[in-house]
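1. got a predicted model here, sequence first, then my questions.
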Amino acid sequence: MSLSVLILGGSGFVGRALCEQLTRRVGADARVTVPTRRLPHAQAVQSLPGVTVVQADVFHDLPDLVKGHDAVVNLVAILQGSMAAFEHVHVELPKRIATAGARRLVHVSALGVAEHAPSRYLRSKAAGEAALQVAAQTHPLELTLLRPSLVFGDGDKSVNLFARLQGLFPLMPLGAADARLQPVWVQDLARALVEVLLRREAIGQTYEIAGPRELTLAELVALAGRVAGRERPILRLPGALATLQALFMECLPGEPLLSRDNLASLSVPNVPSGKLPGLAELGIQASSLEAVLPTYLSPDGGVARLDAWRARH
């Protein structure tokens, strides 16, 4: 079957995996458009067969971008910023997509979203979901929501960072060490996105996308260090010190490694509720951290490849 898909955020971490999975699964019948404000950012996908990269602003050019596509996948998200920034990206953009003429929309949200969640990130994600649910009732919009846990894989900015930091410091100070996570491999999330695009029965559904095992943040950090050959002792920070650490990082130039809003998000279990369908219902067997991490994080070059990747970006 032929399929034309507009992928918003297609040049990012998840977007690159989705483009690869779409071209592999649908083959020559796939026509994928990836808009980006800066063409060099999409170099990783522009050579894939069937993928067209266009220079555009997704906030202002949506009607023209949506035109002629069977489906839209929205991967655009931020982890840091003011409430206004979160509202702009997580609420206003989904609203604009819904009214720009999209017939089919697959929207990636997050586990733990709730109207009264403790973080701006989770509250704004919940508001975006709610706006799309209303739009699906008032517009000819076929909506599917995906709520992933922490996404890991080659080039991520979480597990890779945990491994790299343990190579720089003699111990690892860690806030929210007992936070509960169920990390999912980026390729499994990408496969899930392809499946819901191809399945009519996925319309109107919300999927919780998670890996096969729950673990704490401390366990995840230790595993990343162990696989990379640079495991360090973890210094568990109590709440007040963790908040001070996050505040200090917010004051540093550039995007902070950790913010107080990130800490607030970690206070909510990042695990499936068990009340909604997930990878199994899409015919996907979730891959484990232990099986995947050594393929890109091992001492024989995984972290070196991460450093090279960061230098390019």
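-> Now that the structure is in, tell me what you want to look at. Numbering: from 1, shown residues only.
2. can you show me the strands along the stretch 1-150 of the chain?
-> Using DSSP state E, counting those that start in this stretch, the strands of the stretch 1-150 of the chain run over residues 3-8, 30-36, 51-55, 71-74, 104-108, 142-148.
3. and the helices in the chain?
-> For the chain, the helices defined by DSSP state H occupy 13-26, 43-46, 62-66, 83-87, 93-98, 120-138, 159-166, 186-198, 217-227, 239-251, 260-266, 289-292, 294-297, 302-312.
4. show me the shaky parts of the stretch 151-300 of the chain.
-> Counting by pLDDT under 70, the stretch 151-300 of the chain contains low-confidence residues at 300.
5. one step back: just send the strands of the stretch 1-150 of the chain back as a markdown table, with distance to Ser158 and mean pLDDT too.
-> Yep, even glycine has a C-beta here, placed from its N, CA and C like the rest. As requested, these are exported to a markdown table (distance: least, CB to CB, whole Å; pLDDT from 0 to 100):
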| stretch | distance to Ser158 | mean pLDDT |
| --- | --- | --- |
| strand 3-8 | 22 | 96 |
| strand 30-36 | 23 | 95 |
| strand 51-55 | 26 | 96 |
| strand 71-74 | 21 | 98 |
| strand 104-108 | 16 | 98 |
| strand 142-148 | 12 | 98 |
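6. before we move on, back to that, of all the helices of the chain, which one is nearest Ala77?
-> Ala77 lies closest to helix 120-138 among these, at 7.7 Å (CB to CB).
7. follow-up on the earlier one: okay if I get the strands of the stretch 1-150 of the chain as a markdown table plus distance to Ser273 and mean neighbour count?
-> Below are those laid out as a markdown table (distance: least, CB to CB, whole Å; neighbours: other CB atoms under 10 Å):
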| stretch | distance to Ser273 | mean neighbour count |
| --- | --- | --- |
| strand 3-8 | 27 | 24 |
| strand 30-36 | 32 | 23 |
| strand 51-55 | 35 | 16 |
| strand 71-74 | 22 | 24 |
| strand 104-108 | 17 | 24 |
| strand 142-148 | 9 | 23 |
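8. picking up where we left off before, format the helices of the chain as TSV; extra columns: distance to Leu146.
-> Converted to TSV, the helices of the chain look like this (distance: least, CB to CB, whole Å):
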stretch	distance to Leu146
helix 13-26	10
helix 43-46	20
helix 62-66	19
helix 83-87	19
helix 93-98	13
helix 120-138	11
helix 159-166	20
helix 186-198	6
helix 217-227	21
helix 239-251	28
helix 260-266	18
helix 289-292	19
helix 294-297	23
helix 302-312	25
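9. who's in contact with Glu255?
-> Gln80 (CB atoms under 8 Å, 6 or more residues apart in numbering).
10. just to revisit the earlier point, put together TSV for the helices of the chain, with mean neighbour count and distance to Ala56 on each row.
-> Shown next, in TSV, are the helices of the chain (neighbours: other CB atoms under 10 Å; distance: least, CB to CB, whole Å):
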stretch	mean neighbour count	distance to Ala56
helix 13-26	22	14
helix 43-46	18	14
helix 62-66	18	6
helix 83-87	15	20
helix 93-98	21	13
helix 120-138	20	21
helix 159-166	22	29
helix 186-198	23	21
helix 217-227	20	36
helix 239-251	14	31
helix 260-266	21	29
helix 289-292	16	33
helix 294-297	19	31
helix 302-312	14	23
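11. out of the ones you listed, the one nearest Val76 is which?
-> Per CB to CB, nearest to Val76 of those: helix 93-98, 5.9 Å.
12. list the contacts of the closest one.
-> The contact list for helix 93-98 (CB under 8 Å, 6+ apart) reads 8, 58-59, 62, 66, 72, 74, 76, 105, 107, 128, 131-132, 135-136, 139, 141.
13. pLDDT of that helix, averaged?
-> Computed over helix 93-98, the mean pLDDT rounds to 96.
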